[in-house]
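**Q** Quick one: sequence and predicted model below, then my questions.
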Amino acid sequence: MEFYAPESVRCMYVHWPFCPYKCHFCPFVALASHDQFMGQYHRALLSEIEQYASRSTSETAARTPLETIYFGGGTPSTYPNELLQETITTVRRLFGIANGAEITLEVNPGTVMPGQLAFWKSLGITRLSIGVQSLNDKVLKGLNRHQSARDVLPLLTQASEFFESLSVDLIVGLPGVDADEWRSMIHQIVQWPIQHISVYFLTVHEDTPLYFKVKKQEVTLTPDDDLVDLYTWTRHILVEHGFEQYEISNFAKPGHQSRHNKVYWQRKPYKAFGLGACSFDGTIRTQNEKNLMRYLQAAEKKGSVQASWETLTRQQIHLEKVMLGLRQSTGVICKDILDGLTADEHRQITDRIASLMHAGLIKDVDGYLILTSEGISVENGIASHLSL
Ligand code: SF4
């Protein structure tokens, strides 16, 4: 089943998988020591984009200007200038890019060449998302992430001359970063010239080097209760400094929420290109080939680079609506999650909503179910409690 291109797809993701190192906690489709394939990969990516445009079901679908484009990775700041320019030019020619579109590029500190910020700006990029994670070089190095805290602030200061929207990613719970150090980092970061902060909990993904270190007890993880306390403290400090929490992990100054990520959370369609990239057409999720050689060969032969697809079951759709909806500060429309349920299911979910409200974990605001402060730290449990 190939991805169907609904006319409403106005969001594009482009995956650049190359990284200068492979972090021990990384679950993404990311390749270190493969830079020799950058040119070939770029051509394959363009071929995938061009084939998609030519397959689009109608002239309108192919010509719906894009509202958001997100270059993620991997480390897209290592995308060679002239190649990135060619990709953006191709996308603009084939689909059009709306005036005021949000175009984000993920950047790792230490990978930005002189003059590159101005160049990215000239391409129409509007927003940089900078992978800071921690300011403790030793901890990062221990996780095979070779970046220096000294690079971060100069990069942000220079970038703020070119971009009005700068975001930083942080990871709470990195082994070796204690609560005092985390608090002092947050106090520094809120002074930086940034408009958006994403705070993610460290997740130990199976088969990553970190997973094996934890298994061998070479690394001790912060207990969950301590993490929840740190997260709650962080929320308060960020809000005090003018960052509104609009999603469990995301905080933004007014006008700087990520429009692209909101498309994912609102379950709107998006089309993704590149190695391992996942697309969603509103019903079906597809995923591209994750093996570089197979991806390159398929794209070069102008064949399909898609490796799998899945039609979501009604249970999966229900859980996604609840989970993604509750993560957002706007909540989930209660009617939306009750519509289409059998009488039994309806009664069951309504009872559970009532008990969660009684426990003070969610509240009903004009028909929207919203997590309370107490509910935010146990969102996963609440969402699974409301699953079918
Ligand atoms: S830089 Fe990002 S994508 Fe690359 S290995 Fe590290 S975490 Fe993964």
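**A** Structure's in. What do you need? Predicted model, so just to flag it, every value in this text is computed and none were measured.

**Q** Geometric centre of the chain: which residue is closest?
**A** Centroid check for the chain by CA atoms, centre = their mean gives residue 261 as the closest residue, at 6.3 Å.

**Q** In contact with that one, which residues?
**A** Residue 261 makes contact with 247, 250, according to CB atoms under 8 Å, 6 or more residues apart in numbering. Any C-beta I mention is one placed from the backbone N, CA and C, and that applies to glycine too.

**Q** which element is it on?
**A** For residue 261, the host element (DSSP states H and E) is helix 259-265.

**Q** again with residue 369
**A** strand 368-371.

**Q** Strand partners (parallel or antiparallel) of that strand?
**A** Using DSSP bridges, the strands paired with strand 368-371 in its sheet are strand 332-333 (antiparallel), strand 362-365 (antiparallel).

**Q** out of these, which comes closest to the ligand?
**A** strand 332-333 (29.8 Å; CB to the nearest ligand atom).

**Q** contacting residues around the closest one?
**A** Taking CB under 8 Å, 6+ apart as the rule, strand 332-333 contacts 321, 322, 324, 325, 326, 367, 368, 369.

**Q** can you rerun that using 10 Å?
**A** Outside strand 332-333, the residues that touch it by CB atoms under 10 Å, 6 or more residues apart in numbering are 321-326, 339, 362, 366-371, 383, 386.

**Q** quick one: the nearest residue to residue 335 once chain neighbours are set aside and residue 338, what's the gap?
**A** Excluding the flanking residues, the one nearest residue 335 by CB to CB, 6 or more residues apart in numbering is residue 367, at 6.4 Å. Noted for residue 367: a distance of 11 Å to residue 338, by CB to CB, to the nearest Å.

**Q** Which one's more surrounded, those two?
**A** residue 338 (14 against 11; other CB atoms under 10 Å).

**Q** surely that one meets residue 351?
**A** No. If you go by CB atoms under 10 Å, residue 338 and residue 351 don't touch, sitting 11.9 Å apart.

**Q** Low-confidence bits of the stretch 51-200 of the chain, can you list those?
**A** For the stretch 51-200 of the chain, the stretches with pLDDT under 70 are 57-63.

**Q** Stretch 237-248 spans what distance, first to last residue?
**A** Stretch 237-248 has an end-to-end distance of 15 Å (CA to CA, to the nearest Å).

**Q** Show me which positions of that stretch end up buried.
**A** For stretch 237-248, burial by neighbour count (16 or more other CB atoms under 10 Å) applies to 238, 243, 245, 246, 247, 248.

**Q** which residues of the stretch 51-200 of the chain fall in strands?
**A** Along the stretch 51-200 of the chain, counting by DSSP state E, counting those that start in this stretch, strands occupy 66-73, 97-107, 127-133, 165-172, 196-201.

**Q** what does the stretch 1-150 of the chain put close to the ligand?
**A** By CB under 6 Å from any ligand atom, the residues of the stretch 1-150 of the chain that approach the ligand are 19, 22, 23, 26, 28, 30, 73, 74, 75, 108, 131, 145.

**Q** Which of these are buried, as a PyMOL select command?
**A** Buried members of these, defined by 16+ other CB under 10 Å, are picked up in PyMOL with:
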select buried, resi 19+22+23+26+30+73+74+75+108+131+145
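
**Q** For residue 185, state which of the residues of the stretch 1-150 of the chain next to the ligand is nearest.
**A** Distance ranking of those against residue 185, using CB to CB, places residue 131 first at 14.5 Å.

**Q** What separation do you get for the closest one and residue 169?
**A** According to CB to CB, residue 131 stands 5 Å off from residue 169.

**Q** what sits in contact with each of these two?
**A** 106, 108, 198.

**Q** Redo those residues as TSV? Include distance to residue 293.
**A** Listed next are these as TSV, based on distance: CB to CB, whole Å:
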residue	distance to residue 293
106	24
108	25
198	32
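
**Q** of the residues you listed, closest to the ligand?
**A** The ligand lies nearest to residue 108 out of the shared contacts of residue 131 and residue 169, by CB to the nearest ligand atom, at 5.4 Å.

**Q** quick one: contacts for the closest one?
**A** By CB under 10 Å, 6+ apart, residue 108 lies in contact with 19-21, 23, 73-78, 130-133, 145-147, 151, 155, 169.

**Q** Could you identify which of the strands paired with strand 368-371 is most buried?
**A** Of all the strands paired with strand 368-371, strand 332-333 has the most neighbours on average by mean count of other CB atoms under 10 Å, namely a mean of 19.

**Q** Please list the outside residues in contact with the helix or strand hosting residue 355.
**A** Using DSSP H and E, residue 355 maps to helix 343-358. Under the contact criterion CB under 10 Å, 6+ apart, helix 343-358 has outside partners 314-315, 318, 322, 334, 337-342, 361-364, 369, 371-372, 375, 378, 381-382, 385-388.

**Q** Distance from it to the middle of the chain?
**A** On the basis of CA atoms, centre = their mean, to the nearest Å, helix 343-358 sits 31 Å off its chain's mean C-alpha point.

**Q** Please spell out which residues along that helix are buried.
**A** Buried-residue list, helix 343-358, by 16+ other CB under 10 Å: 349, 353, 356.

**Q** Please save the CA atoms from it in PDB.
**A** Taking C-alpha atoms only, helix 343-358 is exported to PDB below (Å, rounded to 0.1, in the frame of the first residue of the first chain):
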ATOM      1  CA  ALA A 343     -22.400   1.300  24.500                       C
ATOM      2  CA  ASP A 344     -20.300  -0.800  26.800                       C
ATOM      3  CA  GLU A 345     -17.000   1.000  25.900                       C
ATOM      4  CA  HIS A 346     -18.800   4.300  26.200                       C
ATOM      5  CA  ARG A 347     -19.900   3.500  29.700                       C
ATOM      6  CA  GLN A 348     -16.500   2.100  30.700                       C
ATOM      7  CA  ILE A 349     -14.500   5.100  29.400                       C
ATOM      8  CA  THR A 350     -17.000   7.600  30.900                       C
ATOM      9  CA  ASP A 351     -16.700   5.900  34.300                       C
ATOM     10  CA  ARG A 352     -12.900   6.000  34.100                       C
ATOM     11  CA  ILE A 353     -12.900   9.700  33.100                       C
ATOM     12  CA  ALA A 354     -15.100  10.400  36.100                       C
ATOM     13  CA  SER A 355     -12.700   8.500  38.500                       C
ATOM     14  CA  LEU A 356      -9.700  10.300  37.100                       C
ATOM     15  CA  MET A 357     -11.400  13.600  37.600                       C
ATOM     16  CA  HIS A 358     -12.400  12.600  41.100                       C
END
